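Peer 1: Sequence plus the predicted model coming up.
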Amino acid sequence: MSQGRAAGRKAAEPQDRGWAWMVLLAAVLLQGMTLGFPSCIGVFFTDLQHEFQASNSETSWFPSIMVATLHGGGPLCSILVKRFGCRFAVMLGGLLSGVGMVASSFCKSIRQLYLTAGLITGLGSCFSFQAGVTALGYYFVRWRTLANAMASTGVSLGFTLWPLLSQHLLDEMGWRNTFLIFGGILLNCCVCGAIMRPVQLASGSLLQPPKPGEEPGGRAEEAQLPNGASPPHAELREHTQRTACCQMLREYLAFDIFCQNKRYQIYTVGVAWMMMGFALPHVYLVPYAIQNGVEERRAALLISVIGIINILIRPFTGLLSGHRVFTGRRIYLFNLAVLLCGLSNFICVVSARFSVLILYCVIFSVAMSGIGALTFQVLMDVVEMERFSSALGLFTIVESFTLLIGPPLTGILVDITGDFHYVFYTSSFLLLSAALFMGLSFCALDKKDKVKEASKVPLDNVSRCQYNEVTTEPQTESQPPPAVVYVTSI
């Protein structure tokens with residue numbers, strides 16, 4: 001009896017408590033090891049240029065491919081999550097990330113680095129990061145905003161520690177041995193993945209769907225056959241392929257949401273345009289400082305300052321955005337952060353002294369904390385949680401294209417002009433234009449929705465009068481949300 005009561009208590013254990021906080025800790029570490037990792041690439045920028053005799057544009061392709069793959073592997077990650085669950089996807093990503101960085105330490109050309117550290121490590125980081133974000137959404141409901149903000153502090157930890165560790169190891173061992181050590185560090189993503197055990201509803205249905213053997217759309221195809229008639233094999237095969245393709249696009253890339261949900265459309269396009277400029281300071285700030293006479297160790301410290309400020313600011317950003325006053329208005333807080341981020345870049349244009357660059361890093365990191373804490377929360381606001389994994393896949397693959405081309409195109413501009421100021425001019429233009437586009441578009445949609453609601457009020461009053469004259473059955477009490485039980489093994 002006591003064991004049955006204990007099992008019942010465990011089955012009734014709600015979200016937002018218990019093991020959910022261990023998953024949150026794992027998500028913090030995952031974001032530090034994945035999203036925070038590209039922040040240290042600027043430390044190796046000059047050494048890689050000298051080692052491979054590469055231009056600014058050629059060298060910038062390496063971090064661009066890594067970051068673009070990190071964000072653009074979303075559809076593959078969605079497939080893995082839906083087929084095998086979040087735990088498997090996170091652990092596979094940790095394995096790929098570690099293998100990619102170990103292989104990078106043996107590269108003989110910059111193009112080999114594109115494949116190993118850029119593609120393989122980027123894809124592994126994508127699996128670990130996006131599956132971790134999805135698992136966090138399953139484990140938290142009431143405190144989801146705070147959980148996302150706290151998890152994003154892992155990025156701040158990564159921004160703080162990776163550049164300092166990179167500069168120390170680079171001075172002591174060189175970039176090849178440093179990459180080898182990084183491979184071992186990234187394997188710890190597998191440990192974080194092991195913590196993210198699947199969530200199961202009390203009814204017995206898993207929140208992480210379907211089984212590998214199931215064919216999507218199979219039953220729908222059978223239902224469409226009239227009276228058991230069997231069409232010709234060629235037509236049946238073509239019909240099956242067409243239906244399966246549409247089903248995959250719907251499940252893994254959320255094209256149906258993109259076509260029907262205008263808020264998702266605007267947010268996806270706006271963030272993709274914003275990311276083209278947002279990534280530029282992370283790649284070029286350290287080379288810009290070194291070119292203007294700042295010592296290498298102090299230049300690496302600039303990225304760490306951004307990380308330290310983020311650690312302090314992001315939890316408060318999460319608490320502020322989670323307040324009920326901002327319910328339905330988080331997109332405007334996000335736009336305000338993007339606007340501040342774009343304006344802060346003009347500080348670097350004024351002067352390249354170390355003290356001025358520190359001021360820039362402080363202001364930039366305050367804006368960055370708002371962007372980091374709200375990016376996925378706003379996405380959860382504009383799409384249903386059941387489709388979040390698919391929506392995240394399309395969202396990230398669109399922004400990955402701009403992340404891929406942004407730094408190399410700006411690198412060509414720097415190679416032609418020899419002036420790093422164009423990096424910050426370009427970044428400011430892209431960020432400010434994205435903020436204005438999203439802010440004005442969402443404002444127009446909100447006004448349109450208010451007009452529709454106002455036009456429905458008279459009809460609602462008439463319908464209430466009609467229903468009051470008719471005797472109806474008593475309403476049943478709304479059912480409480482389903483409890484969850486935590487499956488300790490797969």
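Peer 2: Now that the structure is in, tell me what you want to look at.
Peer 1: For this structure, name the helix or strand with the lowest mean pLDDT.
Peer 2: Using mean pLDDT, DSSP states H and E, strand 484-486 stands out as the lowest-scoring helix or strand of the chain, at a mean of 34.
Peer 1: chain center to stretch 180-193: distance?
Peer 2: Centre-to-centre, stretch 180-193 and its host chain are 19 Å apart (C-alpha atoms, centre = their mean, to the nearest Å).
Peer 1: what does stretch 288-305 give?
Peer 2: With C-alpha atoms, centre = their mean as the basis, stretch 288-305 stands 28 Å off its chain's centre.
Peer 1: any idea of the mean pLDDT in that stretch?
Peer 2: What stretch 288-305 shows for mean pLDDT is 87.
Peer 1: Pull out the buried residues from it.
Peer 2: 288-291, 294, 296, 299-305 (16 or more other C-beta atoms under 10 Å). Just so you know, the C-beta spots here come from the backbone N, C-alpha and C atoms, and that holds for glycine as well.
Peer 1: Make CSV from these and add distance to residue 258 and secondary structure to it.
Peer 2: Output for the buried residues of stretch 288-305, formatted as CSV (distance: C-beta to C-beta, whole Å; DSSP: H, G, I helix; E, B strand; the rest coil):
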residue, distance to residue 258, secondary structure
288, 37, helix
289, 40, helix
290, 42, helix
291, 42, helix
294, 44, coil
296, 44, helix
299, 41, helix
300, 40, helix
301, 41, helix
302, 38, helix
303, 34, helix
304, 38, helix
305, 38, helix
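Peer 1: how about a markdown table for these, with distance to residue 172 added?
Peer 2: Formatted as a markdown table, those follow (distance: C-beta to C-beta, whole Å):
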| residue | distance to residue 172 |
| --- | --- |
| 288 | 25 |
| 289 | 22 |
| 290 | 19 |
| 291 | 24 |
| 294 | 21 |
| 296 | 13 |
| 299 | 18 |
| 300 | 14 |
| 301 | 17 |
| 302 | 21 |
| 303 | 19 |
| 304 | 18 |
| 305 | 23 |
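Peer 1: What is the nearest of these to residue 79?
Peer 2: Using C-beta to C-beta, residue 303 comes nearest to residue 79 of those, at 33.6 Å.
Peer 1: Any buried residues in stretch 261-276, and which?
Peer 2: Buried positions in stretch 261-276, judged by neighbour count with 16+ other C-beta under 10 Å: 261, 263-264, 266-276.
Peer 1: meant to ask about stretch 374-393, not that
Peer 2: Using 16+ other C-beta under 10 Å as the test for burial, stretch 374-393 gives 374-383, 387-393.
Peer 1: Repeat that for stretch 48-58.
Peer 2: 48, 49, 51, 52, 54, 56, 57, 58.
Peer 1: Name the nearest residue to the first one, ignoring sequence neighbours.
Peer 2: Leaving aside its chain neighbours, residue 48 sits nearest to residue 59 (5.5 Å; criterion: C-beta to C-beta, 6 or more residues apart in numbering).
Peer 1: before we move on, which element is the one you found in?
Peer 2: Element membership of residue 59 [criterion: DSSP states H and E] is helix 56-72.
Peer 1: number of nearby residues for the residue nearest to residue 48?
Peer 2: Using other C-beta atoms under 10 Å, residue 59 has 27 neighbouring residues.
Peer 1: how far away is it from residue 42?
Peer 2: 10 Å (C-beta to C-beta, to the nearest Å).
Peer 1: for the helix or strand encompassing residue 444, packing partners?
Peer 2: Using DSSP H and E, residue 444 sits in helix 421-468. On a contact count with 3 or more C-beta pairs under 8 Å, 6 or more residues apart in numbering; DSSP states H and E, helix 421-468 meets helix 262-278, helix 280-291, helix 330-344, helix 346-350, helix 388-417.
Peer 1: so which of those helices comes closest to residue 103?
Peer 2: Proximity to residue 103, assessed across the helices and strands packed on helix 421-468 by C-beta to C-beta, is greatest for helix 388-417 (20.9 Å).
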